[in-house]
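Asks: Task: produce atomic coordinates for the following.
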Amino acid sequence: MCENCGSVRGAHIRPSRRSLIHFTVSAIGLAFAGTAFAKEAKAPPKPQNVLAPDAALKRLMEGNARYVEGVSRRHDFKHEREALAGGQNPFAAVLSCADSRIAPEYAFDTGRGDLFVCRVAGNFAGTETIASMEYAVAVLGAPLILVLGHDSCGAVDATLKAIKDNTSPPGHIPSLIDAIAPAAKAAMQQGGDVLDKATRQNVIDNVAKLKSAAPILNAAVEQGKLKVMGGIYRLTTGTVDLIAQG
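Replies: A predicted model of the protein is given here:
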């Protein structure tokens, strides 16, 4: 075999970087599709959770209204445990701050299997959180994502102070500061109630980040299968004020 033939043959069997990336993305898509199909083959454990995005948001806010009024429903946790042992189909996913005063399941008066919740101080969408939300949407079929901030957020306040004083907190806390810093800096330029504005901007920024996260979340939004919302939880009343949507 001549040298030229050998090189041509080698060129045909050596995959390019672009083809490898395409293959990987396709494989992930097929894995998600296969899992989703397997789940569709049997009835969802909570049929009442199969909702369109707008209906899911309506149900979420109705639950918050009951919570605020102190008339939360009695949830049958025993039978919910049994029904959910083989699967889950939450009607919404929530990215919440890790603050101990914020409990999405209580704030929206929901039971087991209703909410897919990710919590991190400062309620920002890091890589792992985006991946978790992709799982909630692509595999579990969640039609709604809510980014939930809250007033008097310690993580946002700490970020503002670190920027103002040009200091760095100990340990791994700077990773939180870095994630919240863009919203904090934008609020500092505006003046006024900087903590409130930074909290609000941080929610808006992360709604935008999740909406544009390719290739899964942005496609679901474009197809009308997913709505991404933002809200602020008010500590004194328990009310969730919606502030951003997509």
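Asks: alpha carbons only for contacts and neighbour counts from here, please
Replies: Fine.
Asks: Give me the neighbour count for the residue nearest to S72 when sequence neighbours are not counted.
Replies: Spatial nearest neighbour of S72, excluding adjacent residues (Cα to Cα, 6 or more residues apart in numbering): R66 at 5.3 Å. When neighbours are defined as other Cα atoms under 10 Å, R66 has 16 of them.
Asks: okay, stretch 201-210 in PDB with CA atoms only?
Replies: Output of stretch 201-210 as PDB, limited to C-alpha atoms (Å, rounded to 0.1, in the frame of the first residue of the first chain):
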ATOM      1  CA  GLN A 201     -31.100  41.800  39.800                       C
ATOM      2  CA  ASN A 202     -29.600  38.500  41.000                       C
ATOM      3  CA  VAL A 203     -32.900  36.800  40.400                       C
ATOM      4  CA  ILE A 204     -33.400  38.400  37.000                       C
ATOM      5  CA  ASP A 205     -29.800  37.500  35.900                       C
ATOM      6  CA  ASN A 206     -30.300  33.800  36.800                       C
ATOM      7  CA  VAL A 207     -33.700  33.600  35.100                       C
ATOM      8  CA  ALA A 208     -32.000  34.800  32.000                       C
ATOM      9  CA  LYS A 209     -29.100  32.300  32.500                       C
ATOM     10  CA  LEU A 210     -31.500  29.400  32.800                       C
END
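Asks: Mean confidence (pLDDT) on that stretch, please.
Replies: Regarding stretch 201-210, the rounded mean pLDDT is 98.
Asks: any weak-confidence spans in this protein?
Replies: Applying pLDDT under 70 to the chain flags residues 1-41, 244-246.
Asks: Would you map the helices across it?
Replies: 3-13, 17-40, 53-69, 77-84, 104-107, 127-138, 154-165, 174-190, 194-211, 217-222 (DSSP state H).
Asks: burial of the closest residue to A162 other than its chain neighbours, as a residue count?
Replies: Distances taken as Cα to Cα, 6+ apart place S168 nearest to A162, at 6.1 Å, with adjacent residues excluded. Burial of S168 is recorded as 14 neighbouring residues (other Cα under 10 Å).
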